[in-house]
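Undergrad: Predicted structure and sequence below. I'll ask about it afterward.
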Amino acid sequence: MKETHVKTIDNTNLTHKTFSGTLYLITSGGIQIMLKIGVLAVLARLVAPKEFGLMGIAVVIVEFSKLFSQMGVGPCIVQRKELEERHLTTGFTLSLLLGLLFAGTLILLAPSLESFFKMNGLGKVLRAISSIFLVNSITVTGQALLQRNMKFKLIASVEVLSYAIGYGAVGIILAYMHMGVWALVIANLSQALLSALFYIILQPFSKKLAVDLEALRELVYFGFGFTIAKMRNFLAIQGNNLVVGRTLGAAMLGIYGRAYNFMVMPSSLFGNALDRTLFPAMAKVQDNKKQLAKAYITGTSLIALVAIPISFIFMILAPEIILTVLGKNWVAVVVPFRILAASLLFRMSYKMSDSLARSTGAVYSRAWRQIIYACSVFVGAYIGHFYGLGGVATGVAASLLINFLLMGQLGIRLTGITWKTLLTSHLKGLYLGLFSGTICLISVTLLRQVITSNFLVLLLSILCVIGILCFVIWAYPRLFIGDEQKSLLNKLVLKRFKKPLAQAA
């Protein structure tokens, strides 16, 4: 069966689907982040930092191997202008074969990897978790079809439920039973299994095993370029964890990993939501440079409005955040977390350029930039490890800035905008960040003098910032909200409640 590509795109319907999908994913991401914080708060008191570090290295190895076991099949299904049944059957067959191959390979290499990282018990963990390749290979096609068809509400629901039940509930119960690292291993596997079950039910597709050589060539051409770029991007993101685990040990990796994960949470919430909705949307209008430029700038400015204020607040409230969520045993997380929080904008904003590159098929232009990024992470983290976790965080923050500039240049080339336009799109976010940071600093300084509870200081400071920001934005919207952001806010949220944002005077 052939899916016919319609040349005339219904821009109104596409825009509605994109905005609705973004809202669904942000909402589900917000719920998932709250769940993660709650789950992490419990697990941090039941599982030792060393065990978190051991699982952290296992996850890095598995996620890296997944890049090759999936070979970009999912993104290729999303990106193709014309999709036929032969692409789906070939993609499913390829994913399944690669899943089997990499599951077996990881089992064989487990002892060698344990020796390389000098972590006792890593081999057993890797053998146990290798089955996740088979689980994921079955669901790649169904998940990609849901994304291609912009059914983001279903995707959001799957992610929240599979994490809450599969990882959260299972992990906490097993950790309470003193199963240590195995609580984390089984939790990861159960989350993957539950997610796979949901995708199979919600998005039926042919499970026929067949290979069409022409379809295979088309999939591999895009998939190989995508995988190279994704591999470099993955190494860039996880290279610091590899360096810390290899040079400083599992316990220090457990501490650093918590700091890095806290920094990644806002990126996962907003950056990934925009990426997953704008990627298929931009792919549908990939030949219209004007529409691409508008989507790119709007997304970038929205990310700045979110990332910069969060960055300031995280840096100021770092002690209260860590001590409240993780407890006193994790106080060493504060310094690397504060440094990484300063680079949050660079971590989030480059995703827009990444989505743009994939939607236009510029996977090889994206790939060499990711090579530079990956190398800079390794070099920065390695040099930094001589100065402890703070040094590693500083090296990683510098590499994020390098990647932001490289991917920004790619976005400029693909859309035809200028550096001035790109940088100007961040100004509203900078103003909002400075304002919210000032409020936060004043409030937390006063509260620390009269309140000893970290939780109360954190809660009251955040409520103070949110309350003042809401009042100022309501009274003087043009200070921080531009016309594009105002329109986006109306379409995403306010229109649903029949109360459009009042026009600024």
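TA: Great, that's in hand.

Undergrad: where does residue 79 land on pLDDT?
TA: Per-residue pLDDT puts residue 79 at 64.

Undergrad: same question, residue 491
TA: Reading off the model, residue 491 has pLDDT 50.

Undergrad: How about residue 392: what's its closest non-neighbour residue?
TA: Leaving out its chain neighbours, the residue that sits closest to residue 392 by Cβ to Cβ, 6 or more residues apart in numbering is residue 384, at 4.1 Å. Any C-beta I mention is one placed from the backbone N, CA and C, and that applies to glycine too.

Undergrad: Over to residue 106?
TA: residue 130 (4.2 Å).

Undergrad: if I look at the one you found, how far off is residue 102?
TA: Using Cβ to Cβ, to the nearest Å, one obtains 8 Å as the distance from residue 130 to residue 102.

Undergrad: Following the one helix or strand residue 392 maps to in sequence, what is the next regular element?
TA: Following DSSP states H and E, one finds residue 392 within helix 389-415. For helix 389-415, the following helix or strand on the C-terminal side (DSSP H and E) is helix 419-424.

Undergrad: need the next SSE after that following helix, C-terminal direction.
TA: Next along from helix 419-424, by DSSP H and E: helix 427-450.

Undergrad: Summarise which helices and strands that next one is packed against.
TA: Where contact means 3 or more Cβ pairs under 8 Å, 6 or more residues apart in numbering; DSSP states H and E, helix 427-450 is packed against helix 289-325, helix 454-475.

Undergrad: what does the last one rub up against?
TA: Residues from elsewhere that reach helix 454-475 (Cβ atoms under 8 Å, 6 or more residues apart in numbering): 309, 313, 317, 319-321, 323-324, 432, 435-436, 439-440, 443-444, 447-448, 451, 479-481.

Undergrad: ok, now which ones touch residue 181?
TA: 47, 51, 54-55, 121, 125.

Undergrad: Name the nearest residue to it, ignoring sequence neighbours.
TA: Residue 181's closest residue in space is residue 51 (Cβ to Cβ, 6+ apart), at 4.1 Å.

Undergrad: The one you found and residue 256, how far apart?
TA: Taking Cβ to Cβ, one finds residue 51 at 15 Å from residue 256.

Undergrad: And for residue 398?
TA: In terms of Cβ to Cβ, residue 398 sits 16 Å off from residue 256.

Undergrad: Next: residue 458.
TA: Look at residue 458 and residue 256: by Cβ to Cβ, they are 22 Å apart.

Undergrad: Also residue 250?
TA: 11 Å.

Undergrad: if we can go back for a sec, among the helices and strands packed on helix 427-450, which one carries the weakest average confidence?
TA: helix 289-325 (a mean of 87).

Undergrad: pLDDT below threshold where in the stretch 101-250 of the chain?
TA: The stretch 101-250 of the chain contains residues with pLDDT under 70 at 221-230, 232-233, 236.

Undergrad: can you map out the helices along it?
TA: Listed in chain order, the helices of the stretch 101-250 of the chain (DSSP state H, counting those that start in this stretch) span 122-129, 132-148, 152-161, 170-176, 181-202, 213-248, 250-266.

Undergrad: Turn those helices into CSV, including distance to residue 418.
TA: Converted to CSV, the helices of the stretch 101-250 of the chain look like this (distance: least, Cβ to Cβ, whole Å):
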stretch, distance to residue 418
helix 122-129, 47
helix 132-148, 32
helix 152-161, 32
helix 170-176, 48
helix 181-202, 42
helix 213-248, 25
helix 250-266, 28
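
Undergrad: Those: which one's closest to residue 427?
TA: helix 250-266 (19.9 Å; Cβ to Cβ).

Undergrad: CA-only coordinates of the closest one in PDB, if you can.
TA: C-alpha atoms of helix 250-266 as PDB (Å, rounded to 0.1, in the frame of the first residue of the first chain):
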ATOM      1  CA  ALA A 250      31.100   4.600  39.900                       C
ATOM      2  CA  ALA A 251      30.400   6.600  43.100                       C
ATOM      3  CA  MET A 252      31.500   9.900  41.500                       C
ATOM      4  CA  LEU A 253      29.500   9.100  38.400                       C
ATOM      5  CA  GLY A 254      26.400   8.500  40.500                       C
ATOM      6  CA  ILE A 255      26.800  12.000  41.900                       C
ATOM      7  CA  TYR A 256      27.700  13.700  38.600                       C
ATOM      8  CA  GLY A 257      24.900  11.800  36.800                       C
ATOM      9  CA  ARG A 258      22.300  13.200  39.200                       C
ATOM     10  CA  ALA A 259      23.500  16.800  38.500                       C
ATOM     11  CA  TYR A 260      23.500  16.200  34.700                       C
ATOM     12  CA  ASN A 261      20.000  14.600  34.800                       C
ATOM     13  CA  PHE A 262      18.600  17.600  36.700                       C
ATOM     14  CA  MET A 263      20.000  19.900  34.000                       C
ATOM     15  CA  VAL A 264      18.600  17.600  31.200                       C
ATOM     16  CA  MET A 265      15.000  17.600  32.600                       C
ATOM     17  CA  PRO A 266      13.900  21.000  31.300                       C
END
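
Undergrad: so what's residue 416 up against?
TA: 289, 293.

Undergrad: Relative to residue 290, how far out is it?
TA: Counting by Cβ to Cβ, the gap from residue 416 to residue 290 is 9 Å.

Undergrad: And for residue 100?
TA: 46 Å.

Undergrad: between these two, which one's more packed in?
TA: residue 100 (14 against 10; other Cβ atoms under 10 Å).

Undergrad: Can you pull out the low-pLDDT segments for the stretch 301-450 of the chain?
TA: In the stretch 301-450 of the chain (pLDDT under 70), the answer is 361, 363.

Undergrad: Neighbours of residue 324, how many?
TA: Residue 324: 18 neighbours (other Cβ under 10 Å).

Undergrad: Contacts only, for it.
TA: Residue 324 touches 454-455, 458, counting by Cβ under 8 Å, 6+ apart.

Undergrad: Which of the residues you listed are buried? Put it as a PyMOL command.
TA: Burial among the contacts of residue 324 is assessed by 16 or more other Cβ atoms under 10 Å; the matching PyMOL selection reads:
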select buried, resi 454+458
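
Undergrad: Make a markdown table out of the contacts of residue 324 and add distance to residue 142.
TA: A markdown table is the format used below for those (distance: Cβ to Cβ, whole Å):
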| residue | distance to residue 142 |
| --- | --- |
| 454 | 44 |
| 455 | 42 |
| 458 | 40 |
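
Undergrad: rewinding a little: for the helices of the stretch 101-250 of the chain, which one sits closest to residue 410?
TA: Per Cβ to Cβ, nearest to residue 410 of those: helix 213-248, 10.9 Å.

Undergrad: wait, isn't residue 98 in contact with residue 137?
TA: Yes - with contact defined as Cβ atoms under 8 Å, residue 98 counts as touching residue 137 (6.6 Å).

Undergrad: Look at the two and report which has more neighbours.
TA: residue 137 (26 against 20).

Undergrad: ok, that one to residue 105 distance?
TA: The value you get for residue 137 to residue 105, if Cβ to Cβ is used, is 14 Å.

Undergrad: same thing with residue 349?
TA: Residue 349 is 36 Å from residue 105, by Cβ to Cβ.
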